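Novice: Kindly generate the corresponding structure for this input.
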Amino acid sequence: MKKQANIRYFTVLAVLLAAGMSGYWYSTGLPLPETINIFAAILLAGLPIPLWLSRPVALARGAKRAAKEDIDLASPAVIAETAKIDTLAVAKGGIVTEGHPYVAALVPEGISQGALLALAASAVRDSSQPLYQAIYQTAIERRLHLQRLSAANEFPGYGVEALINRSPLRVGRGEWLQEEGIEISANLLTKADQLSQRGQTTVFVANDKYCRGIIAMADEIPQDNITAFHKFHRQRLKLVMLTSDSRRTANAVRKQAAIDEAHANLSPQDKVREIQLLRAHGATLAMAGNPATDMPAMAAADLSIHVGALPETPVSADAPQAPPAFSIVLKSGKLWDFSSLLTISRSTMSIVKANRILAAIAWLLLLPPALGLLHVFGGPFLPPFCAAAGQLLAAILILLNSLRA
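Specialist: Numbers count the residues shown, from 1 in each chain. A predicted model of the protein is given here:
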């Protein structure tokens, strides 16, 4: 929209300049046919045709290069937005890590390991969160007896609260359980700190008013992601991780993955506030997250990134097509591809910058003689066909330069 406004502004300026200067030369005694030629020459020389061509062809070429890298864009304009990105915000689960959590350790207190796992699995059986689904699947694989739920309620970013035999059962973050009045022993808190320092997510399990133990969940960081993060640093990109995990777990993962900052203990709405705060401090950022929990935060960023191919949805011929939910889709499922897109975007915008320089040179060469600068020193006015030929030559040079994108 801003570019279209600039084009309209320059077009109106060219018309006003042509009318004003041709009127001036007519007032000095030049015949009407010559002033009409002056008007036409100034208008042709001043129209922003080269400026209009400086961007769309290059962006379209850049988008085509991105498509060859298995990167889908909401529109070619995303190329220009990506070139401005200086901060990449990432979620932990499924973005920094593989997204395949597993039970790494069971730390019961007063009950057996099997009973601890069965309690947690009973509460989270209906949750769609990968972390809780891993707990449930592990209990099924071990053929543990799960209790029937009377009711269950999930609090995104905090945990799950269920009712079993009229007894409340809570599974989730330790801080949330303590806010709910659950007593957690000093031994369990110490053990949770030790597990967190290894980068493991600690899931507390409480029955009634007492914490019954901890389930430690691990999720590996792919070497490809660590390599990608190092590449982002070389591209002068700041990395920020947003996670609902504890501060100790987040810091451990941050060090392992070579991430600049880690913001922990965040609910989905907290992540939105963190994104807004980063933007308020001048960051231009893209957000790669889990669509199930991070869509509000991704929508708050300048660009949203989906890592992995989108599921196919049937499209009705009568129903209107919905706009793309994501700015960028990395169909290969590898965060490394965003580095390739960043390279493509920056090289494309350098070509756009060169095109704008060519457009400015065309104006500087064509407008002064069209306005009558040479006539002041006894020279001729620029003929309209020369102004048109100059604009055509500038347009051809810009199109040829754009094809390098």
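Novice: I'd assumed residue 337 was in contact with residue 231.
Specialist: No: the criterion here is Cβ atoms under 8 Å, and residue 231 misses it with residue 337 at 10.9 Å. Using the backbone N, CA and C atoms, a C-beta is placed for each residue, glycine as well.
Novice: Compare those two (neighbour count), which wins?
Specialist: residue 337 (21 against 17; other Cβ atoms under 10 Å).
Novice: wait, that one sits on residue 69?
Specialist: Yes: assessed by Cβ under 8 Å, residue 337 is found in contact with residue 69 at 6.0 Å.
Novice: Show me what the helix or strand residue 13 falls within packs onto, helices and strands only.
Specialist: Using DSSP states H and E, residue 13 sits within helix 2-27. Contacts defined by 3 or more Cβ pairs under 8 Å, 6 or more residues apart in numbering; DSSP states H and E place helix 2-27 against helix 32-46, helix 49-53.
Novice: which parts of the helix or strand following the shortest one are buried?
Specialist: It stands for helix 49-53. Sequence order places helix 56-68 as the next helix or strand after helix 49-53, per DSSP H and E. Neighbour-count burial for helix 56-68, with 16 or more other Cβ atoms under 10 Å as criterion, is recorded at 57, 58, 59, 61, 62, 63, 65, 66.
Novice: Can you tell me what sits against helix 56-68?
Specialist: 72-73, 75-80, 340-341, 344-345, 347-348, 351-352, 355, 398-399, 401-405 (Cβ atoms under 8 Å, 6 or more residues apart in numbering).
Novice: Which ones among these map onto helices?
Specialist: Among the contacts of helix 56-68, the residues falling in helices (DSSP state H) are 77-80, 340-341, 344-345, 347-348, 351-352, 355, 398-399, 401-402.
Novice: For ChimeraX, what selects the buried ones among the residues you listed?
Specialist: To isolate the buried members of the ones in helices among the contacts of helix 56-68 in ChimeraX, using 16+ other Cβ under 10 Å:
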select :78,79,80,340,341,344,345,347,348,351,352,355,398,401,402
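Novice: how far away is the residue lying closest to residue 293 once chain neighbours are set aside from residue 306?
Specialist: The shortest distance from residue 293 to any non-neighbouring residue, by Cβ to Cβ, 6 or more residues apart in numbering, is to residue 268 (5.5 Å). Separation of residue 268 from residue 306 (Cβ to Cβ, to the nearest Å) stands at 17 Å.
Novice: higher neighbour count, these two?
Specialist: Applying other Cβ under 10 Å to residue 268 and residue 306 shows that residue 306 carries more neighbours, namely 21 against 18.
Novice: Am I right that that one is in contact with residue 332?
Specialist: No: counting by Cβ under 8 Å, residue 306 does not reach residue 332; the two are 11.6 Å apart.
Novice: any residues in contact with both of these two?
Specialist: The contact lists of residue 306 and residue 332 share no entry, where a contact means Cβ under 8 Å, 6+ apart.
Novice: Now residue 113. Nearest residue, chain neighbours left out?
Specialist: Leaving aside its chain neighbours, residue 113 sits nearest to residue 106 (4.2 Å; criterion: Cβ to Cβ, 6+ apart).
Novice: what's the answer for residue 326, then?
Specialist: residue 306 (4.2 Å).
Novice: now swap in residue 335 and tell me
Specialist: residue 228 (4.9 Å).
Novice: before we move on, which element is the one you found in?
Specialist: Per DSSP H and E, the secondary structure element for residue 228 is helix 223-234.
Novice: ranking the helices and strands packed on helix 2-27 by burial, who's on top?
Specialist: Across the helices and strands packed on helix 2-27, averaging neighbours per residue (mean count of other Cβ atoms under 10 Å) puts helix 49-53 on top, at a mean of 21.
Novice: okay, now residue 157: neighbour count?
Specialist: Residue 157 - counted by other Cβ under 10 Å - has 18 other residues nearby.
Novice: likewise residue 223?
Specialist: 8.
Novice: residue contacts, it?
Specialist: Contacts of residue 223 (Cβ under 8 Å, 6+ apart): none.
Novice: helices and strands around the biggest strand by length in the chain, which ones?
Specialist: Taking DSSP state E as the criterion, the chain has its longest strand at strand 210-218. With contacts taken as 3+ Cβ pairs under 8 Å, 6+ apart, strand 210-218 sits against strand 102-108, helix 113-124, helix 130-141, helix 186-196, strand 201-207.
Novice: Let's have these in CSV, adding distance to residue 379 and mean pLDDT.
Specialist: Shown next, in CSV, are the helices and strands packed on strand 210-218 (distance: least, Cβ to Cβ, whole Å; pLDDT from 0 to 100):
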stretch, distance to residue 379, mean pLDDT
strand 102-108, 82, 94
helix 113-124, 85, 93
helix 130-141, 76, 93
helix 186-196, 80, 93
strand 201-207, 78, 93
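Novice: Comparing the ones you listed, which stretch has the densest surroundings?
Specialist: For the helices and strands packed on strand 210-218, the highest mean count by mean count of other Cβ under 10 Å goes to strand 201-207, at a mean of 26.
Novice: which other residues reach that strand?
Specialist: 101, 116, 119-120, 123, 131, 135, 159, 167-174, 177, 180, 182, 184, 188, 192, 195-196, 211-219, 245-246, 249.
Novice: Convert the C-alpha atoms of that strand to PDB, please.
Specialist: Coordinates of each C-alpha in strand 201-207 appear next as PDB, following Å, rounded to 0.1, in the frame of the first residue of the first chain:
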ATOM      1  CA  THR A 201      10.800 -30.800  31.200                       C
ATOM      2  CA  THR A 202       9.400 -31.600  34.700                       C
ATOM      3  CA  VAL A 203       5.700 -32.500  35.000                       C
ATOM      4  CA  PHE A 204       4.400 -32.600  38.500                       C
ATOM      5  CA  VAL A 205       1.600 -34.900  39.500                       C
ATOM      6  CA  ALA A 206      -0.700 -34.100  42.500                       C
ATOM      7  CA  ASN A 207      -3.600 -36.000  44.000                       C
END
